[in-house]
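Engineer: Generate a structure from the sequence data that follows.
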Amino acid sequence: MQIRRFSPDLKSKIPGNHPGLYGVPIQFPWGKIPPEKHEEFASRVHGMPLLLDAELQVEAMYFDLHASIEEHAADHPILFLVIKGQGTMRIGGPAGETRKVQAGDAVLWPAHIDHMVWTTDKELHAIVINAFQSTASR
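Structural biologist: Now for the predicted structure:
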């Protein structure tokens, strides 16, 4: 049995221009972390994530008060599951749709579409599932 803890006390700062944003990788595709980097990666993220032979990545994200994830697009769809708190999300760039999200909401970020999330006076915790496309289907 493999178990990966992802509680907020294990969070690490997410690199980049994302103030107040932390995460814990829960599961990674086997090939994303070369074996010679396992120890270094596990040390940086407070334990080794579950490694699967699948084009899927799962991460817990923790947004502090007044935190944000910089607006960006990904080349694959992402499922954003809010498990605690609330915040605001925008999809589609500066003129895109903006909505409040809260615990219990699931949002799909389509591939190649700008998206961002921010918090004001409440924290937000989410599970983020990246659905990579396999190279065979590209």
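
Engineer: Need the residues that contact the strand of greatest length in the chain.
Structural biologist: In the chain, taking DSSP state E as the definition, the longest strand is strand 78-91. For strand 78-91, contacts defined as CB atoms under 8 Å, 6 or more residues apart in numbering pick out 63, 71, 96-110, 113-120, 122-131. The C-beta positions use only the backbone N, C-alpha and C, and glycine is treated the same way.

Engineer: One more: stretch 33-51?
Structural biologist: Under the criterion CB under 8 Å, 6+ apart, residues 2, 4-5, 10-12, 24-30 lie in contact with stretch 33-51.

Engineer: can you tell me which two in these are farthest apart?
Structural biologist: Taking CB to CB, the two most distant members of the contacts of stretch 33-51 are Lys11 and Trp30; they sit 23.5 Å apart.

Engineer: Tell me which of the two has more neighbours.
Structural biologist: Ranked by neighbour count (other CB atoms under 10 Å), Lys11 and Trp30 place Lys11 first, with 19 against 11.

Engineer: residue contacts, that one?
Structural biologist: Contact analysis of Lys11 by CB under 8 Å, 6+ apart lists Tyr22, Gly23, Val24, His46, Ala60, Tyr62.

Engineer: One more: Glu123?
Structural biologist: Glu123 touches Tyr62, Phe63, Asp64, Leu65, Ala67, Lys84, Gly85, counting by CB under 8 Å, 6+ apart.

Engineer: switch to 6 Å and redo it
Structural biologist: By CB atoms under 6 Å, 6 or more residues apart in numbering, the contact list for Glu123 reads Gly85.

Engineer: Need phi/psi at it.
Structural biologist: Glu123 has phi and psi values of phi -80, psi 160 when expressed as degrees, to the nearest 10.
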